[in-house]
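Participant: could you look at this predicted model? Sequence included:
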Amino acid sequence: MKFYEIINQDKPVLVDFFAEWCGPCKMQSPALHELKERIGDMASILKIDVDKNPQVAGQYQVRSVPTLIIFKKGEIKWRESGVFPANELERLIKENL
C-alpha cells in the first residue's frame, strides 16, 4: 500500500517523520511501540524516514524531526514536533476515531 492510500483510510493514521541520526527520534520509538500495543487495529502507525522520503517530508513541510501527524481520510487532524508519551498519543488517536 502506498503512503497516500494509507493516510486516506477511514481509521486514524499516526505518521512519525523521523531520521536515523536524530536522538529525540530514537527516544520516540519505544513510545510508538507501546502505543501500537495499546491501540491494536484501532489506528495505523507509519514511520517515514525524511532522508529516504524527502518528497513526502517536503510536501508536509516537515522542518524538524520527530514530527508526528495524525491523518484521517487524508486530512491532517493533529500535528506537532517533538517527543510525546504513548498515553498522550493514545488520547489524540481516540479523539480522532
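Facilitator: Sure, I can see it. Note that this is a predicted model, so its numbers are computed, not measured. Numbering: from 1, shown residues only.
Participant: could you pick out the longest helix of the chain?
Facilitator: Identified as the longest helix of the chain according to DSSP state H is helix 23-39.
Participant: which SS state does the closest residue to Ile7 other than its chain neighbours fall under?
Facilitator: In space, Ile7 comes closest to Phe71 once its chain neighbours are excluded; the distance is 4.0 Å by CB to CB, 6 or more residues apart in numbering. In this view, the C-beta of every residue, glycine as well, is placed from N, C-alpha and C. Assigned with DSSP: H, G, I helix; E, B strand; the rest coil, Phe71 falls in the strand class.
Participant: distance check, Phe71 against Pro30.
Facilitator: According to CB to CB, to the nearest Å, Phe71 and Pro30 sit 23 Å apart.
Participant: neighbour count: those two, which is higher?
Facilitator: Between Phe71 and Pro30, counted using other CB atoms under 10 Å, the more crowded position is Phe71 (26 against 11).
Participant: need phi/psi at the residue located most distally from the centre of the chain.
Facilitator: Largest separation from the mean C-alpha position in the chain: Trp21, at 17.7 Å (CA atoms, centre = their mean). Backbone geometry at Trp21, expressed as degrees, to the nearest 10, gives phi -80, psi 0.
Participant: now do the strands in this protein.
Facilitator: 13-18, 44-49, 67-72, 75-81 (DSSP state E).
Participant: in the sheet, who's paired with the most centrally placed residue in the chain?
Facilitator: Central residue of the chain (CA atoms, centre = their mean): Val15, 2.1 Å from the mean position. Counting by DSSP bridges, Val15 is bridged to Leu46, Ile69.
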